[in-house]
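Peer 1: Here is a sequence with its predicted model. Questions after.
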Amino acid sequence: MGIGFGFGVTFGAETCVKVAMILPAEIEAVMRSLTLLLPALAPSWRFFPSVAPSPRIEFRAPQATGPEEAEWREFRPAPRKVSVGAMLKRMFWNPGRNETLFLVTCAERLLSGEIEFARREIASRIARQIPAPPAGREHAPFLQFRLVLVSGHGSDFRSDVAYMSPVFVPADLAAA
Amino acid sequence: MSLDSAIRMTEVLVALAFIQQSLEHLRGGRDERRLYLPRLLACLPLLLGFAAPWACLALLAIGVMILRRFHGPYNGGSDRMSLLVLCCLTLALFMPVERWRAVAFAYLAAQLTLSYFVSGWVKIVNPDWRSGRALRDVFSFSAYPVGENLRGWADYPGLLRVMCWAVMGFELLFPLCLITRPTLIAGLAIAATFHFANACLFGLNRFFWIWLTAYPSLLWFQERLFPLA
């Protein structure tokens, strides 16, 4: 037996049960979207209220013989020098830098507890963008990253490892 | 400036800013391309002034999907401003009554003014900003400078202190620019220069373009507030 809604659509009892089952998930999804949208409708505009220790992402390619043999390298370090011409070009085309800023956000989110999403985003970008190995050598079978917090006073800097990821297989993430 | 002219100018600027953002994502992963290619296409009717309300609605839906994809904004404040401008523009285009359209657009103008004022307020109550240390930290160890050569700026604490006070002073005094037309135009020119400097030094190019999209709303709003100024 169906239930008519008066506009040509009729749902069977089975469909109603299915709708009832997925409804909470749909409502949850809408609520989650609204929660994400609300800060844009009434922003706090609190830009740079203070400068906290700054996260850097470092990665290494551990071999099967043991992770201690692999050296940590900074992921996408800032270039030594950026010319005025390059700065002007970046006004119109700046995907790499914007992605780096997104990774800084991911690092901050990871350290504040949003671990699963941020770890996946960072790991997949490392997997996609690590430099190609020298000719004749294979891609690293495993990767690992860590977050280093840099802070300092004047010329006195300190770096503290704040997070160490599990070892992951880049091939599993690179296509994402 | 009439409300219709301000809305049309905003449509064009939003379309151009969103095209710039979307193109940058087309070199990203498959899932990013799936979101940003439709966004790019939805900008075209908005740019041409064809079915603009529906284009805005489509852009808003894609904007929410992007928020969900990245569990929040991809590019922090610039993405939030993108959504704010888009929401106000969509409301202004769909509202049936002129007065409600004006309210939607006035809200955007008010938020733009607050974006500078509140930003200045949170800085001035912080001793690190008043002493200049905040900018010294930004240049010396934060991830923001686009090149290592810019870290040398941290060695000029006097200059950075002046820069801190210049930024705070400008942001806090920005609402006063609304008093006359020439002061508003001067204020917006200084604000655009500030965003341009941030884009060059810290790579925040999207902030520059998206903040510009809200300027027509303030130019229109100022005329409504002080018609004789």
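Peer 2: Arrived safely, thanks for sending. Numbers count the residues shown, from 1 in each chain, chains lettered A, B, ... in the order given.
Peer 1: now do the same end-to-end measure for stretch B:124-134.
Peer 2: 11 Å (C-alpha to C-alpha, to the nearest Å).
Peer 1: Name all residues that make contact with the residue located most distally from the centre of chain B.
Peer 2: Here chain B reaches farthest from its C-alpha mean at residue B:155, the gap being 30.6 Å by C-alpha atoms, centre = their mean. With contacts taken as C-beta atoms under 8 Å, 6 or more residues apart in numbering or on different chains, residue B:155 has no neighbouring residues. To be clear about C-beta, it is placed using only N, CA and C from the backbone, and glycine gets the same treatment.
Peer 1: By residue count, tell me the biggest helix in chain B.
Peer 2: Using DSSP state H, we find that the single longest helix of chain B is helix B:98-124.
Peer 1: need the contact list for residue 143.
Peer 2: As the question left the chain open, I've gone with chain A. If you count contacts by C-beta under 8 Å, 6+ apart, residue A:143 has them with A:59-62, A:123, A:126-127, A:130, A:167-170.
Peer 1: not what I meant, chain B
Peer 2: A:54-56, A:78, A:100-101, A:104.
Peer 1: tell me the angle whichever strand or helix holds residue B:79 makes with helix B:98-124.
Peer 2: In the assignment (DSSP states H and E), residue B:79 maps to helix B:76-94. Counting by axes from the mean of the first three to the mean of the last three C-alpha atoms, to 10 degrees, helix B:76-94 lies at 170 degrees to helix B:98-124.
Peer 1: Check which residues of helix B:76-94 are buried.
Peer 2: By neighbour count with 16 or more other C-beta atoms under 10 Å in any protein chain shown, helix B:76-94 contains the buried residues B:76-93.
Peer 1: Strands of chain A, residue ranges please.
Peer 2: Assigned strands in chain A, in chain order: A:3-4, A:10-11, A:54-60, A:73-74, A:144-153, A:156-164 (criterion: DSSP state E).
Peer 1: Walk me through which strands the fourth one pairs with, and which way each runs.
Peer 2: Meaning strand A:73-74. The strands beside strand A:73-74 in its sheet (DSSP bridges) come out as strand A:54-60 (antiparallel).
Peer 1: between the partner strand and strand A:144-153, how many degrees?
Peer 2: 150 degrees.
Peer 1: how about the helices in chain A?
Peer 2: A:13-41, A:84-90, A:95-111, A:115-129, A:171-174.
Peer 1: show me the contacts for the closest residue to residue A:102 other than its chain neighbours.
Peer 2: Computed as C-beta to C-beta, 6 or more residues apart in numbering or on different chains, the closest residue to residue A:102 that is not its neighbour in sequence is residue B:74, at 5.5 Å. Applying C-beta under 8 Å, 6+ apart to residue B:74 gives the contacts A:98, A:102, B:66.
Peer 1: Report the separation between residue B:74 and residue B:90.
Peer 2: From residue B:74 across to residue B:90, the span is 20 Å (C-beta to C-beta, to the nearest Å).
Peer 1: And residue A:103, by the same measure?
Peer 2: Separation of residue A:103 from residue B:90 (C-beta to C-beta) stands at 31 Å.
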